[in-house]
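In: Sequence unavailable; structure follows:
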């Protein structure tokens, strides 16, 4: 599986797309099993049009793809983008852990430790 | 060093990291107050930080830049809101332009650091608070963190299922 890099504009779109709980839920659902827009719409207390809008936002962020299947539009996850986004998140999570590791190194350096 | 806990609170727009360090609070304080020591841990290895001005007293502040692998400099600033040496400090951290002037269009993070003595060491609690829910969601992606982790956690099993 190729892990692709996101450019800054893509990062913005991905973060904005996933800032919404319904859209996160849609991504989680279609990762489990691809679903038609109408199936998704039945899962939420909102109109078909509203769910369709959410799917469109996810599509623009390349988090999902939509394929026509007869009369249905089936939503699939875009695993490459989801993975790339996850790597970014890991980066943020690691920021403070990295800082704390380096703090310990500075503390372990006795010359620094003895400094006033 | 042990990271004891990390707590994300989307409603309060905070990320809290709790860690225990093997040195008393007076020593840990200097990690924050000494520009040289601070410069050694603030930036990641690929983007080392240099604090060119640093005054950790209320009303004081700092200027720093981080230098990337290709020589690009990213500038930032601190504004000191409160200090209680060696127990706590609160600073704002923001972005700056190439001349070091604060860039107001980018989000500001408030950091509260608490140093509590424990068994000859220090329990350090760092709480980062974001200016707005938007800054939190978009800049650090906390909101997506939980959902994404859940989603990502399922990928290996999903892929195995074909």
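Out: Everything's here; your move. Keep in mind the model is a prediction, meaning the values are calculated, not measured. Numbers count the residues shown, from 1 in each chain, chains lettered A, B, ... in the order given.

In: helices or strands next to the helix or strand encompassing residue A:27 in the packing?
Out: Secondary structure here is read from DSSP states H and E; on that basis residue A:27 sits in helix A:21-32. Taking 3 or more C-beta pairs under 8 Å, 6 or more residues apart in numbering or on different chains; DSSP states H and E as contact, the helices and strands that helix A:21-32 lies on are helix A:8-18, helix A:37-43, helix A:48-60, strand A:64-69, strand A:72-77, helix A:79-108, helix B:142-160. The C-beta positions use only the backbone N, C-alpha and C, and glycine is treated the same way.

In: Quickly, which of those bottoms out on average pLDDT?
Out: When the helices and strands packed on helix A:21-32 are ranked by mean pLDDT, helix B:142-160 comes last with a mean of 39.

In: Do a quick rundown of the helices in chain B.
Out: B:25-33, B:35-41, B:133-134, B:142-160 (DSSP state H).

In: Does at least one residue of the first one sit close to chain A?
Out: This means helix B:25-33. Yes. Part of helix B:25-33 sits near chain A under the criterion C-beta under 8 Å from any C-beta of the partner chain, namely B:27, B:28, B:30, B:31.

In: quick check: mean pLDDT across that helix?
Out: Over the span of helix B:25-33, the pLDDT mean works out to 92.

In: Among the residues of helix B:25-33 next to chain A, which one is most surrounded by other residues?
Out: Neighbour tally across the residues of helix B:25-33 next to chain A (other C-beta atoms under 10 Å in any protein chain shown): the maximum, 25 neighbours, falls on residue B:31.

In: Report the contact partners of that residue.
Out: Residue B:31 makes contacts with A:103, A:106, A:107, B:37, B:38, B:41, as judged by C-beta atoms under 8 Å, 6 or more residues apart in numbering or on different chains.

In: Apart from its chain neighbours, what residue comes closest to residue B:118?
Out: Counting by C-beta to C-beta, 6 or more residues apart in numbering or on different chains, residue B:118 lies nearest to residue B:20, which is 6.6 Å off, once chain neighbours are set aside.

In: give me every residue that touches residue B:39.
Out: Residue B:39 makes contact with B:48, B:49, B:50, B:51, B:64 under the criterion C-beta under 8 Å, 6+ apart.

In: okay, the angle between the helix holding residue A:27 and strand A:72-77?
Out: For helix A:21-32 against strand A:72-77, the angle between stretch directions is 90 degrees (axes from the mean of the first three to the mean of the last three C-alpha atoms, to 10 degrees).

In: Where is the longest strand in chain B?
Out: Looking across chain B with DSSP state E, the single longest strand is strand B:73-84.

In: what bits of chain B have low per-residue confidence?
Out: B:1-3, B:7-13, B:105-106, B:130-162 (pLDDT under 70).

In: The same query, at a cut-off of 80, please.
Out: Scanning chain B for pLDDT under 80 picks out B:1-15, B:44-47, B:68-70, B:72, B:74, B:95, B:103-108, B:129-162.

In: Show me what the closest residue in space to residue A:59 that isn't next to it in sequence bridges to in the sheet.
Out: Taking C-beta to C-beta, 6+ apart as the measure, residue A:59 lies nearest to residue A:66, with 5.9 Å between them; neighbours along the chain are not counted. Beta-bridge pairing of residue A:66 under DSSP bridges involves residue A:75.

In: quick one, what contacts residue A:66?
Out: Taking C-beta under 8 Å, 6+ apart, we find residue A:66 in contact with A:37, A:55, A:59, A:73, A:74, A:75, A:76.
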